[in-house]
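A.B. asks: dropping the sequence and predicted coords here.
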Amino acid sequence: MSAPRKESDRDPEMNKLRQSLRRKKPSYVPEASRPHQWQADEEAVRKGKCNFPVRYLGHVEVDESRGMHVCEEAVKKLKVSGKKSVKAVLWVSADGLRVVDDKTKHHWE
């Protein structure tokens, strides 16, 4: 003997209708992905006034230009080198990136 069937099993069209009428939760959009959050930053970049305090570890040449694994390997190489990090400022502009030593004002391109 088979188990009794649910009403929703009997009428697939009604089931589809019920599902389409259910309230859908708004999809989550990370704060950083919201366009209005970037307008001030975009203007600062265009004017060459966008900067961030950083600890400069150094530089290393990489084989690829994309991927988290590329960054992780580069940081490992820099940490193994034993050089101390330097307090610096990272300047972001439409022309590129510039790192400036906070004390000596020496910069790396």
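C.D. replies: Received the coordinates, thanks.

A.B. asks: which residues in this protein form strands?
C.D. replies: Using DSSP state E, the strands of the chain run over residues 50-56, 86-93, 96-101, 107-108.

A.B. asks: sheet partners, orientation included, of the last one?
C.D. replies: Pairing partners of strand 107-108, with direction, according to DSSP bridges: strand 96-101 (antiparallel).

A.B. asks: first vs last residue of stretch 90-101, how far apart are they?
C.D. replies: The first residue of stretch 90-101 is 9 Å away from its last residue (Cα to Cα, to the nearest Å).

A.B. asks: next, count neighbours for Val75.
C.D. replies: Val75 has 13 neighbours, counted by other Cβ atoms under 10 Å. For glycine as for every other residue, the C-beta is placed from the backbone atoms N, C-alpha and C.

A.B. asks: same deal with Asn51?
C.D. replies: 15.

A.B. asks: circling back: winner for burial among the strands of the chain?
C.D. replies: Of all the strands of the chain, strand 86-93 carries the top mean neighbour count, a mean of 16, counting by mean count of other Cβ atoms under 10 Å.
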